[in-house]
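S.K.: pasted the sequence and its predicted model underneath.
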Amino acid sequence: MNKAELRSEPRFPVSCRGTLRLGDNAVPCHIQNICSRGFLIRFAEELPVGRLVYLTCELYPPQSIECTVQVRPVNRDCLGAK
């Protein structure tokens, strides 16, 4: 039996590469889904919850996103970004 989705709004699956900028370091990431309030990002390192990082990604060429996001907890392989 499938449980009903309890999220306040739908998330849309995407698959695109991105870059998180942490100070002077730019590290690759992978965007897995998106909604109007944030992203689910696969990222190889742990970041402190609440930290602000700069995200760039190209969702649909030539449409790109550049924004500052706040790290939200998800699990050890992914982070939420508000």
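M.R.: Received, thanks.

S.K.: alpha carbons only for contacts and neighbour counts from here, please
M.R.: Will do.

S.K.: give me the residues contacting stretch 68-82.
M.R.: 37-55 (Cα atoms under 8 Å, 6 or more residues apart in numbering).

S.K.: buried sites along that stretch?
M.R.: Buried residues in stretch 68-82, counted by 16 or more other Cα atoms under 10 Å: 69-72, 78-82.

S.K.: from those, which one has the minimum pLDDT?
M.R.: pLDDT is lowest at residue 79 among these; the value there is 74.

S.K.: how far away is that one from residue 70?
M.R.: 10 Å (Cα to Cα, to the nearest Å).

S.K.: likewise residue 20?
M.R.: 11 Å.

S.K.: find residues that contact each of those two.
M.R.: With Cα under 8 Å, 6+ apart, residue 20 and residue 70 have common neighbours residue 53.

S.K.: format the CA atom coordinates belonging to stretch 38-49 as PDB.
M.R.: Extracted C-alpha coordinates of stretch 38-49, given in PDB (Å, rounded to 0.1, in the frame of the first residue of the first chain):
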ATOM      1  CA  GLY A  38      14.000  24.300  -2.500                       C
ATOM      2  CA  PHE A  39      16.000  21.500  -3.900                       C
ATOM      3  CA  LEU A  40      17.100  18.000  -3.000                       C
ATOM      4  CA  ILE A  41      20.800  17.800  -3.700                       C
ATOM      5  CA  ARG A  42      23.100  14.700  -3.800                       C
ATOM      6  CA  PHE A  43      26.400  15.900  -2.300                       C
ATOM      7  CA  ALA A  44      29.500  13.800  -1.200                       C
ATOM      8  CA  GLU A  45      30.300  15.900   1.900                       C
ATOM      9  CA  GLU A  46      28.500  16.700   5.100                       C
ATOM     10  CA  LEU A  47      27.600  20.400   5.600                       C
ATOM     11  CA  PRO A  48      26.300  21.900   8.800                       C
ATOM     12  CA  VAL A  49      22.600  22.500   8.900                       C
END
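
S.K.: now what about it, what contacts it?
M.R.: 28-34, 69-73, 76-82.

S.K.: narrow those to those in strands?
M.R.: Using DSSP state E, the members of the contacts of stretch 38-49 that fall within strands are 28-34, 69-72, 78-81.

S.K.: hmm, back to that, how about the buried residues of stretch 68-82 in JSON lines, adding distance to residue 15?
M.R.: Shown next, in JSON lines, are the buried residues of stretch 68-82 (distance: Cα to Cα, whole Å):
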{"residue": "69", "distance to residue 15": "18"}
{"residue": "70", "distance to residue 15": "20"}
{"residue": "71", "distance to residue 15": "19"}
{"residue": "72", "distance to residue 15": "20"}
{"residue": "78", "distance to residue 15": "14"}
{"residue": "79", "distance to residue 15": "15"}
{"residue": "80", "distance to residue 15": "15"}
{"residue": "81", "distance to residue 15": "16"}
{"residue": "82", "distance to residue 15": "18"}
